[in-house]
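Provided below for reference: sequence and predicted model.
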Amino acid sequence: MAIVLDLAERLCQDRNTDRPDRQFGPHVIRNQIQRMRRSLRGSVREGFRYVHKLASPDGVEFVTIERQPLWNNRREEQHGPFDIIGDVHGCLEELLELMALLGYQEKRQERKFVVTHSDGRKLAAE
């Protein structure tokens, strides 16, 4: 999702003039607005599914942004520390040996492995 502040050029110029810390010429704002509008045309190609344009000061002032985690965001339920081991295809014995060196205990339950660590570490293997 993209949130675009598409405010009038005159408003941006006036606010720039009122800035005590730094100002830049009107051509900078004009160029930024042109680039922003050009980039909006390609926003779908850039991967933005939704583009929300806020085109008035009232719209900017009263908007509420609420973050919604993606379905695959597991930050709330998964906490590290993690040990990540990659490219273990076909190397089960080597993986088990490395897990033991890292302090993991594994138990086989039917066709599954249950892996635990006494310090609460978590293993991710590919």
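Perfect, thanks for sending it. Bear in mind the structure is a predicted one, so any value in this text is a computation, not a measurement.

quick one: buried residues of the lengthiest helix in the chain?
Ranked by residue count under DSSP state H, the longest helix found in the chain is helix 26-41. For helix 26-41, the neighbour count (16 or more other C-beta atoms under 10 Å) marks Ile29, Leu40 as buried. C-beta: built from backbone N, CA, C; applies to glycine.

off-centre distance for that helix?
25 Å (C-alpha atoms, centre = their mean, to the nearest Å).

mind starting the numbering at 224 from now?
All set: I'll call the first residue 224, so the last point we hit is now helix 249-264.

which elements pack onto it?
Contacts defined by 3 or more C-beta pairs under 8 Å, 6 or more residues apart in numbering; DSSP states H and E place helix 249-264 against helix 232-240.

circling back: which of the residues in the helix or strand following the longest helix of the chain are buried?
Moving toward the C-terminus from helix 249-264, the next helix or strand (DSSP states H and E) is strand 274-277. Buried residues in strand 274-277, defined by neighbour count with 16+ other C-beta under 10 Å: Leu277.

domain-wise, how is the chain divided?
225-285, 305-348 (automatic domain parsing).

indicate which one of those domains is closest to Trp294.
domain 225-285 (13.8 Å; C-beta to C-beta).

tell me the spacing between Ile288 and Leu277.
11 Å (C-beta to C-beta, to the nearest Å).

so what's in contact with the two at the same time?
Ile226 (C-beta atoms under 8 Å, 6 or more residues apart in numbering).

relative to the helix or strand bottoming out on mean pLDDT in the chain, what are the paired strands and their orientations?
Every helix and strand of the chain was ranked by mean pLDDT, DSSP states H and E. The lowest is strand 345-348, at a mean of 84. Applying DSSP bridges to the sheet, strand 345-348 is found paired with strand 305-308 (parallel).

which residues are in contact with the partner strand?
With C-beta under 8 Å, 6+ apart as the criterion, strand 305-308 contacts Leu318, Leu321, Leu325, Tyr327, Arg344, Lys345, Leu346, Ala347, Ala348, Glu349.

quick one, which of those residues are buried?
Leu318, Leu321, Tyr327, Leu346.

which members of those residues occur in helices, if any?
Leu318, Leu321.

with that, I have no additional questions.
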